[in-house]
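Asker: My questions are about this predicted structure, shown below with the sequence.
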Amino acid sequence: METRDTICPFCREETSDLGKCAVCGADLVRTFTYGHRQYEMRVRFANREWRETDYYLKEIVPILEKAGVTPDISEAIAGILSDAEIPRADIVTIQGFQIFSNFDTHPVLQIWCRRGDEIFDATKRYAERYGIYLHVTGPPLPRALLSQWFDHHCESTTKPQEVRLTRLDTGREMVALRSVANFPGQTCNLLEMGGLRILLDVGLEWPDRGSEKLERLQKLLRPSEIDIVILTHSHRDHVQGLRDLYNTYGCTAPIISTRASFELSVLRDRGYHEVLDLARERLAEDPTYQALQTEERTSREIEFISQALDGEFGAIIEHLVLVSYGDKLSFQDGRFEIDVIQAGHFPGAIMTLFRMGDYSVIYTGDFNLLEFEPIASCRSAIGGLRLKPDVVICDGSAADLVFPKESLTRARLYSEIMHTWRKKKTVLFLSESNMGSIVTYFAIHENVLRRSEGRIPFYFDETAWDQMCILRERKDDLALSVREKIAQHRDPFHSVMIRALESEKPHLGGIGIEEASKTPCVICIDAVLHGIISEEKFNAIKRILSDPDNLVIVAGAPRSSPAQDLVACRGHIELKSEATDRYERLETRCRVLNWDVPSHHLFNYHPDGDQLFEFFDNLMPERIVFFHRGPNNLIDIRQELAKRPYVKDHTVIHRHHPFIRLR
């Protein structure tokens, strides 16, 4: 158990940690003044050992041995804070210092800072001067405001053993599937099984009030008669209709979801951001709020917005059933069961297996078999099922495509980023779904962490940063390898390379996108480039696009016109800057890589043809129902499935063929 707040790092004795050790008198909080403002830096003790790295052994240890200097922590900290070669703008982003329990044999002083490129470059100089290796890392990610708000409700959320299915009738053998979604690209299916009406995702765009379409949808869906809602993951095409289903249309069914999926779905919800933006506008006018420290501000924000968030999401929380991978919900002494299976695709994503007697149905949601951190695949979970399901309701989004194996995918993208980095240029990573966690893979990947390759800073916009904070806290919904890294104190989310674009939150000592774009780095921002763009963001994008050695990566299908123009290599895009309030034409001389489309076949979070056949051959289902694409996109794979002797029937459910009787 870590006790860094109660052990003095100098004398190793217990202390109340009120700024000065009660035993030896050492200062545990150092102050530094810059720009007429005083900054505090806490010195802590970590009750764990420093683990040797290649860089430490090969580059630092020889310097320490040659220097022969007796390590002095106080002298080293004072030297860093007064170092004239380090920009003051970097020094003020220092969050604190930490020493490890084996400091006597490994003189390592860990420093948490939000910038610090120059501090990192000075590590050899510090080792020679102070006899200490300064391990530069980012501070622990803050707890997401959204997670802190939801913590107050966790004890009141429905527990699996408390779920009651009053309409369950295991004697009813009829099983049917109906498509509910109104438009392509939305996922909402209704499974009728054992007398239950089970809603498989709620990717609905509700029709206008009073319209005939809404009347027909309500008659079909009958929200008050739904027995279970399955939330497979947090992407909008699976969850966008959830809030209205409960707040407006009277659904009271339990919602089965992982905590990561729930929090990430709220993070993407327009209602959450409207509440947050309004709260921050009002708090910005409060002088007492402006005087608070970062942690105090977060508490004040939570207090300020909690009531509004309760009003927006309280009805959902009241019926939420939080589950984890491997959970089993059992009803009527095991005559009806629901198994929760890891799906891959996105952190927190699940499949659900419905079993009634000797009959079983698997709903995949969106899934994949790529082992790609921090998004674990379903491969091991499916391999351990030891079950031949009767029906698989299967995501067929990329069934007609074939992607390279994950090793090639990693190598290609990694090599492109490294090629740009070695030229000391910038990578702009555009993600349509705000999937900042894609890029954190590179902070986890062994080769990127290797110091001999150089230190690559990764900067994330606010949405991606908040998402990473949630994933750090919901580590049980991540890949096993990531959970192991966190348990071993090799936390990828604490990497020295991960930074936030905090131009709107300067109290965190961050760096804005325009400043970040002036240095070699990877910048991850939302790819929705239409609408009015801030002047700072506009100038940064303009600078990046104009350099032929820079790289722009578009993750996923390019849905906005500027992203489409980038991928099409038209030589220009048009963006609207808030400074001029008009569209301007920007020349695009940079390199562009689209990490999705068939012309590259690099990456997709959905299963391609090869993955689907591996999936089916593992499970050997008698019947397969595809969703998410139309029949014309699935011709080739259905022809191949006809050759599989275990498959008796395969079909596609969609808006023109909305009903299938399965049994």
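Answerer: Cool, got the structure.
Asker: isn't residue 146 right up against residue 265?
Answerer: No - if you go by Cβ atoms under 8 Å, residue 146 and residue 265 don't touch, sitting 10.5 Å apart. In this view, the C-beta of every residue, glycine as well, is placed from N, C-alpha and C.
Asker: immediately after the biggest helix by length in the chain, which helix or strand?
Answerer: Criterion DSSP state H: the longest helix present in the chain is helix 294-318. Counting by DSSP states H and E, the element after helix 294-318 in chain order, helix or strand, is strand 320-322.
Asker: From the chain's centroid, how far away is the helix or strand just after that following strand?
Answerer: Counting by DSSP H and E, the next helix or strand C-terminal to strand 320-322 is strand 328-331. Relative to the chain's own centre, strand 328-331 is displaced by 29 Å; criterion: Cα atoms, centre = their mean, to the nearest Å.
Asker: what does stretch 545-563 give?
Answerer: Going by Cα atoms, centre = their mean, where stretch 545-563 is centred and where its chain is centred differ by 21 Å.
Asker: which parts of that stretch are buried?
Answerer: 545, 550, 551, 552, 553, 554, 555, 556, 558, 560, 562, 563 (16 or more other Cβ atoms under 10 Å).
Asker: which one is the second one nearest to, not counting chain neighbours?
Answerer: Beyond its immediate neighbours in the sequence, the residue positioned closest to residue 550 (Cβ to Cβ, 6 or more residues apart in numbering) is residue 590, lying 4.3 Å away.
Asker: ok, and what's touching the longest helix of the chain?
Answerer: Outside helix 294-318, the residues that touch it by Cβ atoms under 8 Å, 6 or more residues apart in numbering are 142-143, 145, 148-150, 152-153, 156-158, 242-243, 246-247, 255, 262, 266, 269, 271-272, 275-276, 278-280, 282-283, 289, 292, 507-508.
Asker: just checking, residue 85 touches residue 119?
Answerer: No - contact criterion Cβ under 8 Å: residue 85 and residue 119 do not qualify, at 9.8 Å.
Asker: neighbour-wise, which of these two wins?
Answerer: Ranked by neighbour count (other Cβ atoms under 10 Å), residue 85 and residue 119 place residue 119 first, with 22 against 9.
Asker: what residues are up against residue 378?
Answerer: Residue 378 neighbours (Cβ under 8 Å, 6+ apart): 341, 342, 343, 344, 351, 367, 368, 369, 615.
Asker: just residue 139 next, same as before
Answerer: Residue 139 makes contact with 95, 96, 112, 113, 114, 494 under the criterion Cβ under 8 Å, 6+ apart.
Asker: Buried only: go through these for me.
Answerer: Among the contacts of residue 139, those classed as buried by 16+ other Cβ under 10 Å are 95, 96, 112, 113, 114, 494.
Asker: And what about the first one, helix, strand or coil?
Answerer: Right, the one you point to is residue 95. What DSSP: H, G, I helix; E, B strand; the rest coil gives for residue 95 is strand.
Asker: That one touches residue 113, doesn't it?
Answerer: Yes - using Cβ under 8 Å, residue 95 is in contact with residue 113, at 6.4 Å.
Asker: rewinding a little: with pLDDT and distance to residue 193 added, can I get the buried ones among the contacts of residue 139 in JSON lines?
Answerer: Shown next, in JSON lines, are these (pLDDT from 0 to 100; distance: Cβ to Cβ, whole Å):
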{"residue": "95", "pLDDT": "80", "distance to residue 193": "52"}
{"residue": "96", "pLDDT": "87", "distance to residue 193": "55"}
{"residue": "112", "pLDDT": "83", "distance to residue 193": "52"}
{"residue": "113", "pLDDT": "79", "distance to residue 193": "55"}
{"residue": "114", "pLDDT": "70", "distance to residue 193": "51"}
{"residue": "494", "pLDDT": "66", "distance to residue 193": "45"}
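Asker: Map the structural domains onto the sequence of the chain.
Answerer: 29-137, 148-400+605-661, 406-595 (automatic domain parsing).
Asker: ok so, going back, so which of the contacts of residue 378 are in strands?
Answerer: Counting by DSSP state E, these place 341, 342, 351 in strands.
Asker: Just want the phi and psi numbers for residue 553.
Answerer: phi -110, psi 120 (degrees, to the nearest 10).
Asker: C-terminal to the strand with the most length in the chain, what's the next element?
Answerer: In terms of residue count, the longest strand belonging to the chain (DSSP E) is strand 37-46. The element immediately downstream of strand 37-46 (helix or strand, assigned by DSSP H and E) is helix 54-55.
Asker: any idea of the mean pLDDT for the longest strand of the chain?
Answerer: Averaging pLDDT along strand 37-46 yields 85.
Asker: Just the CA atoms from that strand would do, formatted as CSV, please.
Answerer: Taking Å, rounded to 0.1, in the frame of the first residue of the first chain, the C-alpha atoms of strand 37-46 are listed here in CSV:
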residue,chain,number,x,y,z
ARG,A,37,2.4,34.2,-8.5
GLN,A,38,3.6,31.5,-6.1
TYR,A,39,3.6,27.9,-7.1
GLU,A,40,3.8,24.9,-4.7
MET,A,41,5.6,21.7,-5.4
ARG,A,42,5.2,18.8,-3.0
VAL,A,43,8.0,16.3,-2.2
ARG,A,44,6.6,12.8,-1.6
PHE,A,45,7.8,9.3,-0.8
ALA,A,46,6.6,6.3,-2.8
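Asker: What strands flank that strand, and is each parallel or antiparallel?
Answerer: strand 29-34 (antiparallel), strand 94-100 (parallel) (DSSP bridges).
Asker: Pull the residues that contact that strand.
Answerer: Against strand 37-46 from outside (Cβ under 8 Å, 6+ apart): 2-5, 7-9, 12, 26-33, 73, 77, 81, 92, 94-101, 110.
Asker: How far away from the center of its chain is it?
Answerer: Using Cα atoms, centre = their mean, the offset of strand 37-46 from its chain centre is 29 Å.
Asker: and what of stretch 617-628?
Answerer: 29 Å.
Asker: in it, what's buried?
Answerer: 618, 619, 621, 623, 624, 625, 626, 627, 628.
Asker: what's the answer for stretch 171-181, then?
Answerer: Under the neighbour-count criterion of 16+ other Cβ under 10 Å, stretch 171-181 has 175, 177, 178, 179, 180, 181 buried.
Asker: quick one: average pLDDT of it?
Answerer: 93.
Asker: just stretch 138-150 next, same as before
Answerer: For stretch 138-150, mean pLDDT rounds to 82.
Asker: then it to CSV, C-alphas only?
Answerer: Extracted C-alpha coordinates of stretch 138-150, given in CSV (Å, rounded to 0.1, in the frame of the first residue of the first chain):
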residue,chain,number,x,y,z
GLY,A,138,3.6,13.6,-16.5
PRO,A,139,1.6,13.9,-13.3
PRO,A,140,-1.0,11.3,-12.5
LEU,A,141,-4.1,12.0,-14.6
PRO,A,142,-6.7,13.9,-12.6
ARG,A,143,-9.9,12.1,-11.7
ALA,A,144,-12.4,13.0,-14.3
LEU,A,145,-15.1,15.4,-13.1
LEU,A,146,-17.7,13.2,-14.7
SER,A,147,-16.4,10.2,-12.7
GLN,A,148,-16.4,12.1,-9.4
TRP,A,149,-20.0,13.2,-10.0
PHE,A,150,-21.1,9.6,-10.8
